[in-house]
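Chemist: here is my input, please return the structure:
(2 chains)
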Protein chains: 2
Amino acid sequence: MCRAGQRTMGQIFHGSRISNIEITDTLFGGYLTLVAEKIVPYQWNILNGKVAGAKISHCMENFRIAAGEREGQHSGVVFGDTDAYKWLETVAYCIANGKGAGLEPLADTLIELIGRAQESDGYLNTYYTIDHPSEKWTNLAEGHELYNAGHLIEAAVAYYRATGKTALLDIAVKCADLICRIFGADGEKPDGCPGHPEIELALIKLRDATQNDAYLGMARHFVRVRGASPNYLLDELERLADNRIFPEFVDYDAKYAQTHLPPVEQTSAEGHAVRAMYLYSAMADLAAVCEDADLAAACAVLWDNVTRKKMYITGGIGASAYLERFTADYDLPNDRMYCESCASVGLMMFGQRMASLTGKAAFYDEVERALCNTVLGGVAMTGDRYFYVNPLEVWPPNCLPSTSMAHVKPVRQKWFDVACCPTNIARTLASLGQYIYAENDEALYVNMLISSRILTELNGGTLTVTVDSTFMRDGRVNISVSSDRPQKIRVRIPRYFANPHFASSVAFPEPGADGYTELSAPGGTHTFCLQGEVTPAFFASNEQVRADAGRLALVMGPYVYCLEEADNGGNLANIFVKPETEIEVGRSCEDIPGSLPLLHFGGERVTKAIEEDGDLYGTPLFRRTGTRLTAVPYGLWNNRTPGEMTVWLKALL
Amino acid sequence: MCRAGQRTMGQIFHGSRISNIEITDTLFGGYLTLVAEKIVPYQWNILNGKVAGAKISHCMENFRIAAGEREGQHSGVVFGDTDAYKWLETVAYCIANGKGAGLEPLADTLIELIGRAQESDGYLNTYYTIDHPSEKWTNLAEGHELYNAGHLIEAAVAYYRATGKTALLDIAVKCADLICRIFGADGEKPDGCPGHPEIELALIKLRDATQNDAYLGMARHFVRVRGASPNYLLDELERLADNRIFPEFVDYDAKYAQTHLPPVEQTSAEGHAVRAMYLYSAMADLAAVCEDADLAAACAVLWDNVTRKKMYITGGIGASAYLERFTADYDLPNDRMYCESCASVGLMMFGQRMASLTGKAAFYDEVERALCNTVLGGVAMTGDRYFYVNPLEVWPPNCLPSTSMAHVKPVRQKWFDVACCPTNIARTLASLGQYIYAENDEALYVNMLISSRILTELNGGTLTVTVDSTFMRDGRVNISVSSDRPQKIRVRIPRYFANPHFASSVAFPEPGADGYTELSAPGGTHTFCLQGEVTPAFFASNEQVRADAGRLALVMGPYVYCLEEADNGGNLANIFVKPETEIEVGRSCEDIPGSLPLLHFGGERVTKAIEEDGDLYGTPLFRRTGTRLTAVPYGLWNNRTPGEMTVWLKALL
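Modeler: You can find the predicted model right below:
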């Protein structure tokens, strides 16, 4: 049984509408403004090939060629169309969050172009339309047609909700209807599943927007058919022989695209990390909508495997750069991993859905971890430079082209040949409200203590909740509730918000088993003044994590801190700290956005390791000098003079 | 000016003839027997495709097809013929060192086959002869025709010297003459240089064997033309467009094959590590033979760069697995590097030549380092398993296929698709005598204190020197000299042989500026009883080596030691030791060849790093327990139950 409806998807709660939410937070509000005012225009120029010195994107040109308005060949990666779709989705969220009003005409122009590029039967994919029309749907493993359609649908639903306009939704519906005609459980249709999951979760959104259950059925089918034997994607690649798109797919295996087992039987996060997150997100959606206990159980096991065995302290995932994939439990190398920005976006999506599915606050520990560290770290404070790979340790001299470290860039880049991350970060930040607030029939949920305001309807009344959060400075979070009747506000009290209490003498309600503290607003206007202790602390890794053995990471609130060469000089590998070192909370730094405090502490630096000057190996000396160190939030690193960076420091045991 | 002659190549000294030398050392003598009795027969079976479960080698079959004796296509890599040539070279050294008498008939059969596979003009390369006859010499960057010819020539010279037979030498000469007709400084001829250096040093050997100076001229030309502008190899690859052999050559650059500058102007070791070593070896040969001071100076600078900034403590080189190349100075990651066995063979070759060129003993510090650690580590004590990649730290669970760590194998392999290493190790061990002894008009040189005996002629007299070395047990090395007249024996006293003195009260001669101690043998029979102190000690790396910061490696004599899971349990990353820890020299282990002592010492093991059971990150606990540790020579690791291994231990500072 699968229930319908946008507000009642069967989850315990669902994300609130972005259009009801204003983000006022110094840090995140600033980034939301950056998205609307800098990132969206910058990315528009990029997608039109107009940024000097950047990797050339042919994205918009491909649509024009597909529409028959220009001559030429398709150029760029097979999934290049999604850059435009994610750009549109970002614009939609900007419009919804109140910062992007001026962007609508540009978006409408693009939507018209996309419409003209769509074939009459609904097919929409410039790579195949322009250069490979006879090969449609023959290479699901590599062709990304269903992935492209998924991002089209997500953009369409977002734009429809933000503007009420149906032009893009109509395009998406036409494309989705084509896909429903081609694929499905009907024995006549091919048993294919998407080579890159994405359309599954998009179809669920489309069903919510259109109330057409066919899309939900299609999503369920794509999840159910995955992992069937014989393996559709492997057979396809074998059939394609030399006519393949990606050279590295010589090392393709069933785990790469999570087709090694039916999703419901999967217990270990495997393969390409972004593919995994998008699939698991759809599984969690379906588990909720269809009340599928087996799928829910599989999601819980996979979530645990990811977050308890395969996730960096920054919320990064994907330890292998080659094929951008998960490896073994506890394999978390700090310098050479992938930790793609998109994968952490995917972790946020999966965590949000797990919280919705289970009603448990703890999933937001990891959503917040990914957001505040890796996702934030993926974009420069100027909005025009991006990280694709997010290492926890960088030594610029060894980030060399044509070597095993070529994927690690010591500075953010203007653009990429494969440019999924910049637009993914943009749409995630622009839609941040959905990660902060959630609702069900009983309560409004505050999942992250980020300063913001929501105006919504609950229990037949209107409700305004304002979160004024300064906990990184003083441990305070004021939650003001204005309502025309009594309402319940359920607040996630993060683990780092120690000793939570009210500024008044009123007893603080113990969080329930679900991790939420319930605040009862009596009606009218009432302010809850929450006070906690948010202090910096060193963390260590489970002893199974070889890469972090004997090492410490500095964390304050949801923010992982790191040392940068700009503050501490180079050769950070030779810095050692005692676990019991006192950490001073400093002022914020003008050159780093968001007014987060810098952290200062004492350490020791090995200035000479061997007795013999200039030798490579020699008698240990380990000459040490005391040094005062400054740490900055990892999510904001590389916004000043580039150089070395490290999250994990060596402990003096 | 280039001087001729096998014994008077212009070097300060040259390697002694292998046929004059018997290796009696427990460890190395055992390996030499292993080569003759196990490795050569095993590799013969491999090359004939007869070892079940191993990667299939089509090597011999290719020769049969090229000879017109079988139908079929070429199979295997483009340089597959060299497996046969290095096998022959190994057999030649086995015959010369007295252990391979029975192998000669088999070798002669193969030589006949090779002769039949050679084209009438001297061309010999089964890949091109069978499948690509029209493409000869059009792809020097990838085609390996000159590299193949080089190994043919090396084998031919070795076989001729060992047996006096000229069949293979005739084949090689015919091939070399063809190359001399095709390439050269003549303006009509293509300005190409070998994509993989090797033929240069081989041609110098061929000139010594034949006294034909044309080969020396050709070698000089190939070195001189390298790095010229425009770049021949880059132009070639561009011309070839999609008709290329190696997919990874999309990332080919001028440094990869050391064509970024003329060799004489190169100051930093760059590119593919094996290519670099073979080129530098030829440069050192030419510097000696042609008394080319500029070339000698370049060699010295390159040697310093390699050994003082880019070499692992095990003598491994090549930090990037991708393109198997050098990276930045001091970039020496311990788990993911390449450290190909062949590259350390090449380092031995380069070091040997630098010692010959300069007369300085210190070069043998690194020759011995590479030999005793990485080269020895490349082969199992059973002779039928090999490492290609030689990491200093292995955690088997993350050595996964289709990931960035796929190149690291936690156990030695039966064979490889690219199988250069097994035969390279074999020919190096079989010819070990050339690395121990050297001669010039004044003295016999003992470069490594490995038990052995040499019978040679010097100053018009006969001379027998016997080295009886037990320094790893008791610090003793007895050098017995029998001669019909007074002779000088110049002995390299390694740095690890501390406080050298004679067992008698005779004063020990101070080593000269060249690092050699000169022993004056009066004639008749005289034994010098050398006594030193060879003790285990921890070493550290230069503080610029980020990967080894705060870490210790245990070394005794020329042997780097490592911890294996078999002795110490798993999770070696969590073991910590104090730099001042006392190390106990234990007995040798029956399961490990060579009677080298095990080393025992106390350390601490972190058994629980965080307070929260099962969490991935948490409050540091670093619960430690004392533990007794056992280290084994790295060159002999992985001869028992496979598991984790580490060379560098964390120091308790």
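Chemist: how near is A:A269 to chain B?
Modeler: To chain B, A:A269 is 13 Å away according to C-beta to the nearest C-beta, to the nearest Å. C-betas here are computed from N, CA, C, even on glycine.
Chemist: go ahead and confirm A:S483 touches A:T464.
Modeler: Yes. If you go by C-beta atoms under 8 Å, A:S483 and A:T464 touch, sitting 7.2 Å apart.
Chemist: which one of the two has more residues nearby?
Modeler: Ranked by neighbour count (other C-beta atoms under 10 Å in any protein chain shown), A:S483 and A:T464 place A:S483 first, with 22 against 14.
Chemist: ok, now how distant is that one from A:T462?
Modeler: 7 Å (C-beta to C-beta, to the nearest Å).
Chemist: shared neighbours, these two?
Modeler: Common neighbours of A:S483 and A:T462, counting by C-beta atoms under 8 Å, 6 or more residues apart in numbering or on different chains, are absent.
Chemist: what's the mean pLDDT across stretch A:101-111?
Modeler: For stretch A:101-111, mean pLDDT rounds to 96.
Chemist: mind listing what's buried in that stretch?
Modeler: For stretch A:101-111, the neighbour count (16 or more other C-beta atoms under 10 Å in any protein chain shown) marks A:L103, A:E104, A:L106, A:A107, A:D108, A:L110, A:I111 as buried.
Chemist: over to stretch A:486-499?
Modeler: Per 16+ other C-beta under 10 Å, stretch A:486-499 contains these buried residues: A:Q487, A:K488, A:I489, A:R490, A:V491, A:R492, A:I493, A:P494, A:Y496, A:F497.
Chemist: relative to chain B, how far out is A:A300?
Modeler: Taking C-beta to the nearest C-beta, one finds A:A300 at 15 Å from chain B.
Chemist: oh sorry, the question was meant for A:Y617
Modeler: Taking C-beta to the nearest C-beta, one finds A:Y617 at 5 Å from chain B.
Chemist: A:V411 too?
Modeler: 16 Å.
Chemist: so where's chain A uncertain?
Modeler: A:1-11 (pLDDT under 70).
Chemist: so it: which segments form each domain?
Modeler: A:58-250, A:262-431, A:442-533, A:537-651 (automatic domain parsing).
Chemist: of those domains, which is nearest B:L203?
Modeler: domain A:262-431 (29.6 Å; C-beta to C-beta).
Chemist: could you tell me the end-to-end distance of the closest one?
Modeler: Start and end residues of domain A:262-431 are separated by 32 Å (C-alpha to C-alpha, to the nearest Å).
Chemist: name the helix or strand for whichever residue of the stretch 1-150 of chain A sits closest to chain B, please.
Modeler: Nearest to chain B in the stretch 1-150 of chain A, going by C-beta to the nearest C-beta, is A:A141, at a distance of 14.4 Å. Element membership for A:A141, per DSSP states H and E: helix A:140-143.
Chemist: what's the offset of that helix from the middle of its chain?
Modeler: 23 Å (C-alpha atoms, centre = their mean, to the nearest Å).
Chemist: okay, the helix or strand that comes right after that helix in CSV with CA atoms only?
Modeler: Following helix A:140-143 in sequence order, the next helix or strand is helix A:145-163 (DSSP H and E). Listed next in CSV are the C-alpha coordinates belonging to helix A:145-163 (Å, rounded to 0.1, in the frame of the first residue of the first chain):
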residue,chain,number,x,y,z
GLU,A,145,19.3,9.1,-19.7
LEU,A,146,17.3,8.2,-16.6
TYR,A,147,19.6,10.2,-14.3
ASN,A,148,19.1,13.2,-16.5
ALA,A,149,15.4,12.7,-16.5
GLY,A,150,15.5,12.6,-12.7
HIS,A,151,17.2,15.9,-12.4
LEU,A,152,14.8,17.4,-14.9
ILE,A,153,11.9,16.2,-12.8
GLU,A,154,13.4,17.5,-9.5
ALA,A,155,13.9,20.9,-11.2
ALA,A,156,10.4,20.9,-12.6
VAL,A,157,8.8,20.1,-9.3
ALA,A,158,10.8,22.7,-7.5
TYR,A,159,10.1,25.4,-10.1
TYR,A,160,6.4,24.5,-10.1
ARG,A,161,6.2,24.8,-6.3
ALA,A,162,8.2,28.0,-6.3
THR,A,163,6.4,29.8,-9.1
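Chemist: against which helices or strands is helix A:145-163 packed?
Modeler: Helices and strands touching helix A:145-163, by 3 or more C-beta pairs under 8 Å, 6 or more residues apart in numbering or on different chains; DSSP states H and E, are helix A:81-96, helix A:104-117, helix A:167-182, helix A:199-210.
Chemist: that concludes my questions; thank you for your assistance.
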